[in-house]
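Visitor: From the sequence below, what's the structure:
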Amino acid sequence: MTAFNPASLSPAAGRQCLRGLFDAALQAVDPLQSVPRHLPPRPRGRTVVVGAGKAAARMALALEQSWDGPLSGLVVTRYGHGEPCRHIEVVEAGHPMPDDAGLQAAQRIRAMVEGLGADDLVIALVSGGGSALLTAPAAGITLEDKRAVTSALLRSGAAIGEMNCVRRHLSSIKGGKLGDACGAASVWTLVLSDVPGDDPRTVASGPTLADDSTPADALAVLQRHGITPPASVLRLLQAAPVVRARQALGSRECRVIATAQGALEAAAAAAQAQGLRTLILGNALEGEARHVGMVHAGLARQVALHGQPAPAPLVLLSGGETTVTVTGQGRGGRNAEFLLGAQIGVADLGRVWGLAADTDGIDGSESNAGAVFGPDSWARGQALGLSAREMLGRNDAYSWFEALGDLVETGPTRTNVNDFRALLIV
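Guide: As a prediction, this is how the structure comes out:
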């Protein structure tokens, strides 16, 4: 491969370089690659496949292509993220706001696993987004109650672990309750992780995995973020914890099959193949998106001005899930907001490119995966009469990158290991 030549790197070529690294990251965590390596032995009895998440349909397709024997089941994924499976039914439902399609799918999934015997196997395909998609309100609360709490959490800046703690205690299926319903059947859970730290109990709120949090923990999250829930939710969380009776259980196995770390390592390998040094800053970085972006900009400045912690040309890589506290009325997405914060911090340097995108192909509620900038972006924005700082202040980062033609659009990727961020300094 031709060695990287920073002297001849055009703004367009720098963008193309970063997009290539993102594509390498996506390929490394494609369920078609990861699922076949982690399948259980075929059981004596039935094999029932259930699942939820943005990657659930592609995980189901990968399973169908690799499984030697009969199987049936149902998975629920986000609208537009389906795959043409033959034996496993794919239902599409609402995300990030739960809807009636997700509720009905959850009810059907529970019914499929109830009554299975010791010779039967449940394969649970779990990925990010499942908390909203697999919605089954706990007794005493409604779907509208859950939607109200979800909306407040999304706007509050709560971390994903905090959000999913609340979701588990408002659900009759998450936090291990679906696993309980499997009874004596063996349960093999495959997790495609989108959470910092890769705790499988947090991904999709752990429908088949035991939960050690309490209703008091969930209530503390709401209080910490100033959220007043519906009265029915408050009553539920204030009630004394209920110890759930467990049926005689079959074997339980859980495997995390793809992570942000794997995506970052694949991107680093792709960069190194071009002669670029790389530095992975972390796979589980959290915090307010614009602030994390500004910290990344500070690191890029240190590289550009002082050659520390490594000299340019260098690619800084990171993953994780930032949050956005919504105070304005603009169009955002946490990756766009991160990237605009970073761009502001390096606008005077030149020779810096950046890309931030969600590996599921959707940045927040917009249709883009994220955005990219180059050393020409700042001047082009000014020529259009745009103020990056004002737009960031009103949570309108999407509009900045849209105006510049710098959105990254992939469509649904049907995988999901959270955010991918890269800064190229030459």
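Visitor: For this protein, give me the ranges with low pLDDT.
Guide: When the per-residue scores of the chain are filtered using pLDDT under 70, the ranges that remain are 1-4, 7, 240-249.
Visitor: And residue 72, how far from residue 152?
Guide: For residue 72, the distance to residue 152 under the criterion C-beta to C-beta, to the nearest Å works out to 38 Å. For every residue, glycine as well, the C-beta is placed using N, CA and C.
Visitor: quick one: which of those two has more around it?
Guide: residue 152 (17 against 12; other C-beta atoms under 10 Å).
Visitor: Which helix or which strand is home to residue 122?
Guide: With elements taken from DSSP states H and E, the one containing residue 122 is strand 121-127.
Visitor: Correction: the previous question concerned residue 154.
Guide: When the helices and strands are read off by DSSP H and E, the one containing residue 154 is helix 143-156.
Visitor: Does the helix or strand harbouring residue 269 pack against any helices or strands, and if so which?
Guide: Using DSSP H and E, the secondary-structure element containing residue 269 is helix 260-273. Under the contact criterion of 3 or more C-beta pairs under 8 Å, 6 or more residues apart in numbering; DSSP states H and E, the helices and strands touching helix 260-273 comprise helix 11-28, strand 277-285, strand 314-320, strand 419-425.
Visitor: try it again with 7 Å
Guide: For helix 260-273, the elements it packs on are helix 11-28, strand 277-285, strand 314-320, judged by 3 or more C-beta pairs under 7 Å, 6 or more residues apart in numbering; DSSP states H and E.
Visitor: rewinding a little: could I get the buried residue list for the helix holding residue 154?
Guide: The neighbour-count criterion (16 or more other C-beta atoms under 10 Å) identifies 145, 146, 147, 148, 149, 150, 152, 153, 154, 156 as the buried residues of helix 143-156.
Visitor: Just give the number of residues close to the spatially closest residue to residue 24 that is not a sequence neighbour.
Guide: Beyond its immediate neighbours in the sequence, the residue positioned closest to residue 24 (C-beta to C-beta, 6 or more residues apart in numbering) is residue 270, lying 3.8 Å away. Other residues lying near residue 270 total 22 when counted by other C-beta under 10 Å.
Visitor: what kind of secondary structure is the residue lying closest to residue 393 once chain neighbours are set aside in?
Guide: Once its chain neighbours are removed from consideration, residue 393 has its nearest residue in residue 328; the separation is 6.6 Å (C-beta to C-beta, 6+ apart). Applying DSSP: H, G, I helix; E, B strand; the rest coil to residue 328 yields a three-state assignment of coil.
Visitor: hang on, isn't residue 328 packed against residue 392?
Guide: No - contact criterion C-beta atoms under 7 Å: residue 328 and residue 392 do not qualify, at 8.9 Å.
Visitor: quick one on the thing from earlier: quick one: residues contacting the residue nearest to residue 24.
Guide: Contacts here follow C-beta atoms under 7 Å, 6 or more residues apart in numbering; on that basis residue 270 touches 20, 21, 24.
Visitor: Can you say which of these are buried?
Guide: Among the contacts of residue 270, the ones that count as buried by 16+ other C-beta under 10 Å are 21, 24.
Visitor: Show me the domain layout of this structure.
Guide: Using automatic domain parsing, the domains assigned to the chain come out as 6-28+261-425, 31-258.
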